[in-house]
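Peer 1: Fold the following.
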Amino acid sequence: MRVLIAEQDHALYARLLREALPELDVLTSGDSAELARQAAQCPVWLGQPDLLASLLRQGHRPDWLQSTWAGITPLLADGLSRDYRLTRAVGIFGQVMAEYVLTYMLGHEREVLTRLMSQVERKWDGRPGRSLEGRRVLIVGTGDIGCEVARFLVPFGCKLYGIASSPRQLAPFIEVAGLEDLGRLVGQVDYVLNLLPDTPATHDIYDAALFARFNPDALFINAGRGAAVVDGDLVEALTRGHLAAAVIDVCRQEPLPRNHPFWTAVGLLLTGHSSAPTSPEAMVRLFVENLGAYGRGDGLRGEVDFQRGY
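Peer 2: Sure, this is the predicted structure:
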């Protein structure tokens, strides 16, 4: 079988894939023209959605396309073909996302940034630290990554709530409500973790009206998609004290423009889309697993429903 790799780190992916399956015919290049020529010869593509979308725009068509990202927004752009099987990266981001979330939740409880400022000012800060035990956490997006984040929070004694496309019973959550209940739950929790995918239904949901309903002591972490947040409304909500602080990993425009208000917003920390990078080794393991299923005609892990957008 012939496989095309369209990745920034294409040489590493090619080496890992050839080591895993020496019998595969792997084609790749860092040159866009050469990559387009190779695409016409390959029924299976592996790579990052922005590069793969460029190949689709040129009229090339795979039978199956495996994204190396959890998000697939570039492949859902208007005018792009959808007459192929598409799978997104699943099962490889849970732990690293949980580590990211825990970093800033623990930092918030222990007031790391405030203590650092005290040190800079040579002020002894003897306040007792706080704990995550008993903290109420709302995970907005209870898919593969959200459920893994929840699993990591259980040993800390957090009380877990979730938001999904529709209400359901799901361990270890006390309640998983539908998106229409987001406004009710944000006022009842200490942490709001946005892990939603980028779909029309999730655009601009964090607006002034929703932020006004937050617990004023809550920390908001957005590691889902930037389009979910109305930027100006978040800045204003922080200024007004509708929430305690925000950690923003994803933005509508990346890199963030130098004149964007997030740079100077009170209580807002930017983390530069660093929350859950793709591990090439883990990604190749997932691809090899899916490649076997593809060859057998079985279902594929992470297969996308184009109507839903995920």
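Peer 1: contacts and neighbour counts: CA atoms only from here.
Peer 2: Noted.
Peer 1: buried stuff in stretch 224-238?
Peer 2: When burial is assessed from 16 or more other CA atoms under 10 Å, stretch 224-238 yields the following buried residues: 224-231, 233-235, 237-238.
Peer 1: chain center to it: distance?
Peer 2: 16 Å (CA atoms, centre = their mean, to the nearest Å).
Peer 1: quick check: domain ranges of this protein?
Peer 2: Using the TED database, the domains assigned to the chain come out as 2-91+278-296, 93-270.
Peer 1: any chance of the buried residues of stretch 224-238 in a markdown table, plus pLDDT and secondary structure?
Peer 2: Formatted as a markdown table, these follow (pLDDT from 0 to 100; DSSP: H, G, I helix; E, B strand; the rest coil):
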| residue | pLDDT | secondary structure |
| --- | --- | --- |
| 224 | 96 | coil |
| 225 | 95 | coil |
| 226 | 96 | helix |
| 227 | 96 | helix |
| 228 | 98 | helix |
| 229 | 98 | strand |
| 230 | 98 | coil |
| 231 | 98 | helix |
| 233 | 98 | helix |
| 234 | 98 | helix |
| 235 | 98 | helix |
| 237 | 98 | helix |
| 238 | 98 | helix |
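Peer 1: quick one: which of those residues is nearest residue 34?
Peer 2: When the buried residues of stretch 224-238 are compared for distance to residue 34 (CA to CA), residue 225 comes out closest, at 32.0 Å.
Peer 1: from memory that closest one sits against residue 193, does it?
Peer 2: No: with contact defined as CA atoms under 8 Å, residue 225 does not count as touching residue 193 (11.5 Å).
Peer 1: What pLDDT is listed against residue 147?
Peer 2: pLDDT, residue 147: 97.
Peer 1: That should have said residue 310, apologies.
Peer 2: Looking at residue 310, its pLDDT reads 86.
Peer 1: what's the distance between the nearest residue to it once chain neighbours are set aside and residue 196?
Peer 2: On the basis of CA to CA, 6 or more residues apart in numbering, the spatially nearest residue to residue 310 that is not a chain neighbour turns out to be residue 304, at 5.0 Å. Residue 304 sits 15 Å away from residue 196, taking CA to CA, to the nearest Å as the criterion.
Peer 1: and the two? which has more neighbours close in?
Peer 2: residue 196 (26 against 15; other CA atoms under 10 Å).
Peer 1: Help me confirm that the more buried one is found in a helix?
Peer 2: No: the assignment for residue 196 is coil, going by DSSP: H, G, I helix; E, B strand; the rest coil, so no helix is present there.
Peer 1: pretty sure it contacts residue 221?
Peer 2: No: counting by CA under 8 Å, residue 196 stays clear of residue 221, with 11.6 Å between them.
Peer 1: Can you tell me the closest non-neighbouring residue to the residue nearest the centre of the chain?
Peer 2: Residue closest to the mean C-alpha point of the chain, counted by CA atoms, centre = their mean, is residue 224 at 4.2 Å. Of all residues not flanking residue 224 in the chain, residue 195 sits nearest, at 3.9 Å (CA to CA, 6+ apart).
Peer 1: if I look at that neighbour, how far off is residue 146?
Peer 2: Distance, residue 195 to residue 146, using CA to CA: 7 Å.
Peer 1: Pull up the overlap in contacts between the two.
Peer 2: Common contacts of residue 195 and residue 146 (CA atoms under 8 Å, 6 or more residues apart in numbering): 139, 140.
Peer 1: any idea how far residue 4 is from residue 14?
Peer 2: Here the distance between residue 14 and residue 4 works out to 9 Å (CA to CA).
Peer 1: So these two - more neighbours on which side?
Peer 2: residue 4 (26 against 22).
Peer 1: wait, is the more buried one part of a strand?
Peer 2: Yes: under three-state DSSP, residue 4 sits within a strand.
Peer 1: So what pairs up with it in the strands?
Peer 2: Beta-bridge partners of residue 4, counted by DSSP bridges, are residue 27, residue 45.
Peer 1: Please tell me I have it right and it contacts residue 38.
Peer 2: Yes: when contacts are counted by CA under 8 Å, residue 4 is listed as touching residue 38 (7.1 Å).
Peer 1: Overlap in contacts, these two.
Peer 2: With contacts taken as CA under 8 Å, 6+ apart, the residues that reach both residue 4 and residue 38 are 27, 28.
Peer 1: Mind exporting the C-alpha coordinates of the helix or strand encompassing residue 103 to CSV?
Peer 2: Per DSSP states H and E, residue 103 falls inside helix 94-109. As requested, C-alpha coordinates have been extracted for helix 94-109 and formatted as CSV (Å, rounded to 0.1, in the frame of the first residue of the first chain):
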residue,chain,number,x,y,z
GLY,A,94,-5.7,12.8,27.1
GLN,A,95,-2.8,12.6,29.5
VAL,A,96,-0.9,15.6,28.1
MET,A,97,-4.1,17.7,28.2
ALA,A,98,-4.7,16.6,31.8
GLU,A,99,-1.2,17.6,32.8
TYR,A,100,-1.8,21.0,31.2
VAL,A,101,-5.1,21.6,33.0
LEU,A,102,-3.6,20.4,36.3
THR,A,103,-0.7,22.7,36.0
TYR,A,104,-2.9,25.8,35.9
MET,A,105,-5.5,24.5,38.4
LEU,A,106,-2.8,23.8,41.0
GLY,A,107,-1.1,27.1,40.1
HIS,A,108,-4.4,28.8,40.8
GLU,A,109,-5.0,27.1,44.1
